[in-house]
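Enquirer: Build me a model from this:
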Amino acid sequence: MKSKFQKTALILIGVFFLLFIFLPDFALSLLRILFPSEPDRLYSRSSLSRLLLEHIFVVIVSESLAILLGTGLGIFVTRPRGKAYLPLVQSLASMVQTFPPTAVLALAIPLAGYGFKPVIIALFLYSSFPIISNTVSGLGSVPKDLIDASRGLGMKEGQILIRTEIPLAAAVILAGIRTSTIINIGTATIGAVAGAGGLGNVLMAGLIHNNGAYIFTGALCAALLAFFADRAFAGVDRRLKRKVA
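Expert: Reported below is the predicted structural model:
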């Protein structure tokens, strides 16, 4: 019963999100109710659907690069040839996470100019380190007995990594990617500062003009996007656990 209720609620939230994004009249009607005294309620410089697609584009590109770097570096420092670099990578990962995203973006703008490039660079760097940390933790938690058993079956080191270590560490690595993606979706709103578009444009306009309807619209869309991304990862995580079990 609980599972059925959750599915129904998820569908209703999804329908609401689609109506709000793709039907301006629906969004405007809701904003009129919530912000009756606001003269300008619906952001009109660009459609919400376009801004959402720009936001998703930035997140997908930066997160894909972060996954490649994060998992690759995490695997490297857990191999015999890379273990000497493990303390350095862990320290760097902890240090970068203390930097505010706007500071990382400010450093990227002089290198790449304005637009999508500096935002993707900033998000890519900022999103990589949760993945690195979880990849290291996941691979490090694989029991040595299983690795020795795989070696005893005649597997080479690459085969052990692909067939034994990664499947057993997949849930932990996925948790890092999940955390990184959710952070990325929220952080991508800073893209408006560099002229990269996305939902941050609505938030920025709301802050500049003190417009509560704009701020609500940008925050709601970003929050719902993060929510559905999290639900998608939860579904993948459940399937992984069933396979391992």
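
Enquirer: C-alpha from now on. contacts and neighbour counts both.
Expert: Noted.

Enquirer: where does residue 36 land in three-state SS?
Expert: coil (DSSP: H, G, I helix; E, B strand; the rest coil).

Enquirer: burial measure for it, as a count.
Expert: Number of residues near residue 36 (other CA atoms under 10 Å) recorded here: 12.

Enquirer: repeat for residue 166
Expert: 18.

Enquirer: give me every residue that touches it.
Expert: Applying CA atoms under 8 Å, 6 or more residues apart in numbering, we find residue 166 in contact with residue 139.

Enquirer: name the element it belongs to?
Expert: helix 166-187 (DSSP states H and E).

Enquirer: now the longest helix along the chain: mean pLDDT?
Expert: Looking across the chain with DSSP state H, the single longest helix is helix 212-244. Averaging pLDDT along helix 212-244 gives 89.

Enquirer: Could you pull out the buried residues of that helix?
Expert: Using 16 or more other CA atoms under 10 Å as the test for burial, helix 212-244 gives 212-219, 221-222, 225-226, 230, 233, 237, 240.

Enquirer: For residue 26, give me its contacts.
Expert: So residue 26 contacts 19, 20 (CA under 8 Å, 6+ apart).

Enquirer: Report pLDDT for it.
Expert: 94.

Enquirer: Kindly report the same for residue 142.
Expert: Confidence score, pLDDT, at residue 142: 90.

Enquirer: Give me the neighbour count for it.
Expert: 16.

Enquirer: Please apply the same query to residue 23.
Expert: Around residue 23 there are 14 residues (other CA under 10 Å).

Enquirer: So in this structure, where's the weakest helix or strand by average pLDDT?
Expert: helix 101-112 (a mean of 74; mean pLDDT, DSSP states H and E).

Enquirer: how near is the residue nearest to the spatial centre of the chain to residue 19?
Expert: Nearest residue to the geometric centre of the chain (CA atoms, centre = their mean): residue 181, 1.2 Å. As judged by CA to CA, to the nearest Å, residue 181 and residue 19 stand 24 Å apart.

Enquirer: hmm, back to that, hmm, the residue nearest to the centre of the chain is touching residue 61, no?
Expert: No - counting by CA atoms under 8 Å, residue 181 does not reach residue 61; the two are 11.1 Å apart.

Enquirer: Output the below-cut-off pLDDT ranges for this protein.
Expert: 1-2, 244-245 (pLDDT under 70).

Enquirer: so how far is residue 123 from residue 186?
Expert: In this structure, residue 186 and residue 123 are 10 Å apart, going by CA to CA.

Enquirer: Settle it for me: which of these two has more neighbours?
Expert: More neighbours surround residue 123 than the other of residue 186 and residue 123, with 31 against 18 (other CA under 10 Å).

Enquirer: I figured that one hits residue 184, correct?
Expert: Yes - using CA under 8 Å, residue 123 is in contact with residue 184, at 6.5 Å.

Enquirer: Now do the shared contacts for these two.
Expert: 59, 63.

Enquirer: before we move on, the earlier item: dump the residue contacts of the residue nearest to the centre of the chain.
Expert: Residue 181 neighbours (CA under 8 Å, 6+ apart): 59, 63, 127, 229.

Enquirer: same deal with residue 170?
Expert: 138, 240.

Enquirer: for residue 136, helix, strand, or coil?
Expert: From three-state DSSP, the assignment for residue 136 is helix.

Enquirer: Who's the closest spatial neighbour of it, skipping the chain neighbours?
Expert: residue 74 (5.1 Å; CA to CA, 6 or more residues apart in numbering).
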